[in-house]
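# Give me a model of this one.
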Amino acid sequence: NVSFINSLFQLLPQRKKYSLLIFVLLITIGSFAEVISISSTLVFAEMVINPDNINKYLNFLNIENLDQYSRSNILFFLASTFIIIIIIASFVRGLIVYFSLRLSYGIAHYLNLLTLKSFTSFKFYLKKKNNINNVLTNLQKNHDIGAVVNANTLLISSSIISLSIFILMILVDPYITIIVTAIVSTFYIFTAFLLKGRVNANSKNISEHLNKRTFQITNTFKLLKHIILNNLQERYVDKFRHLDYFIQRKTISNNLISSLPGLVIVTIIIAFIIIGISLLSLKLGNIVNEIPKLAALVFSIQRIIPNLQQIYLGYSRSRAHMHSAQDALNFIKSNKLKNYNTDNSYREKLKFEKSVKLKNISFKYDNNVIFQNTSVELLKNVHTVIYGKSGIGKSTLIDILLGIIQPSKGSTIIDNQELTKRNFINWN
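Predicted structure coming up:
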């Protein structure tokens, strides 16, 4: 996961990197806002339970002439302040989610452009294993990169906010905090460990079947005439149906693995709170003085549980999309656009008056030798037919003549000027 993020970061433009820094700043503000909102819950509850504390807190804030305000006015002011703090904290949290989505899908969009640019590059053209299926599949898989980025940004933001809330809960009641944290952490760690293998297997299967599904679509398009004439529509649709249904089942499985633990843990925590309050009531008899502390703890738990679920969700979804995302990233890196540089001294069209010569050229794909010390001369205004069986090198010969690919040995001469990758653009 770390190597994936590092590789992705190297591909991003400077503007996207600045956006990541802004996101980190927003997370810091969000964690501070959460702490303030929970602290204000404790203060507000304490003032409501014991009105004498109102003067204490307001004097601490150097607010004078309190006698001219009624208790109801002061409580209304405090309640309004508390609500505003909660709204601001929720707004910042919403901004974090929004910015995370914009960042992740913005990266996916940028990678889509890189994929399409690589499709038009010479490097892609020279790799004979590449085809339109790879491009279409990886355009779809780029959204898995966006999903991984989104999962990791939410994981990081939720971790920082959860840590801030945890520290505050320790200050309020370390005993209850440690118990709740132990229960929740154990549950999520055990669940993640138990289901890790299933998520990885699903992720790998989805990635493989996305490739197969894209190939099935393009193959159906290529053979459309044959399919219609031979009434084979159902056979090809059925192949697609099986592939698509398989992807759907594995995707549902991963989403359930990501979402269901949150529902279970919320139920456990609610039951724990009810039992805890009941036991405290039986022990103390009157728990009125404990209400401010309980209110702060309950509010903290209500805030921290969704963040813990986001941490688990981010972890599981990151793993669920990792195989497809890694495939897409590898495709972009292996076909990274690298244009030929043109020399300023070759701005004018190359003159073609007499002939084009291939002198002692050699070329091979992998271990397949196409040309070996081959020489050809093509005269201007003379029609020349190039024929032969498939794979013999007709297209390769044209590519060498155009300068799109360079022979490993030998040269291409236009009249008396050699064609190179610096001036070939002026030949076409």
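
# CA atoms for contacts and neighbours, from now on please.
OK.

# quick one: the strands in this protein?
For the chain, applying DSSP state E gives strands covering 355-365, 368-379, 409-414, 417-419.

# which other residues reach the longest one?
Where contact means CA atoms under 8 Å, 6 or more residues apart in numbering, the residues beyond strand 368-379 that reach it are 354-364, 384, 392-393, 409-410.

# Drop anything exposed from those residues.
Neighbour-count burial (16 or more other CA atoms under 10 Å) is assigned, among the contacts of strand 368-379, to 356-363, 393, 410.

# which among the residues you listed gets closest to Thr137?
Thr137 lies nearest to Gly393 out of these, by CA to CA, at 28.7 Å.

# Pull the contacting residues for that closest one.
Neighbouring residues of Gly393 by CA under 8 Å, 6+ apart: 370-371.

# could you measure it against Lys196, distance?
Note on Gly393: its distance to Lys196, by CA to CA, to the nearest Å, is 49 Å.

# Check Lys225 too.
45 Å.

# tally of neighbours for Ser334?
13 (other CA atoms under 10 Å).

# Same check on Tyr312?
26.

# Look up how far Glu353 lies from it.
Using CA to CA, we find Tyr312 at a distance of 70 Å from Glu353.

# Need phi/psi at Asn381.
phi 60, psi 20 (degrees, to the nearest 10).

# Same check on Gly388?
According to degrees, to the nearest 10, Gly388 has phi 160, psi 170.

# That one is in contact with Lys394, isn't it?
Yes - checked against CA atoms under 8 Å, the pair Gly388 and Lys394 is within contact range at 7.3 Å.

# So for those two, which sits in the more crowded spot?
Comparing Gly388 with Lys394 by neighbour count (other CA under 10 Å), the higher total belongs to Lys394, at 14 against 8.

# So Asn150 sits against Ile107, correct?
No - assessed by CA under 8 Å, Asn150 is found out of contact with Ile107, at 9.9 Å.

# joint contacts of the two?
Counting by CA under 8 Å, 6+ apart, Asn150 and Ile107 have no common neighbour.

# Identify the farthest-apart pair in the contacts of strand 368-379.
Spatially, the most separated pair among those is Lys354 and Lys364, at 28.6 Å (CA to CA).

# how near is the nearest residue to Lys357 once chain neighbours are set aside to Asp415?
Of all residues not flanking Lys357 in the chain, Glu377 sits nearest, at 4.3 Å (CA to CA, 6 or more residues apart in numbering). Between Glu377 and Asp415 the computed distance is 10 Å (CA to CA).

# Find residues that contact each of the two.
In terms of CA under 8 Å, 6+ apart, Glu377 and Asp415 are both contacted by the residues 355-357.
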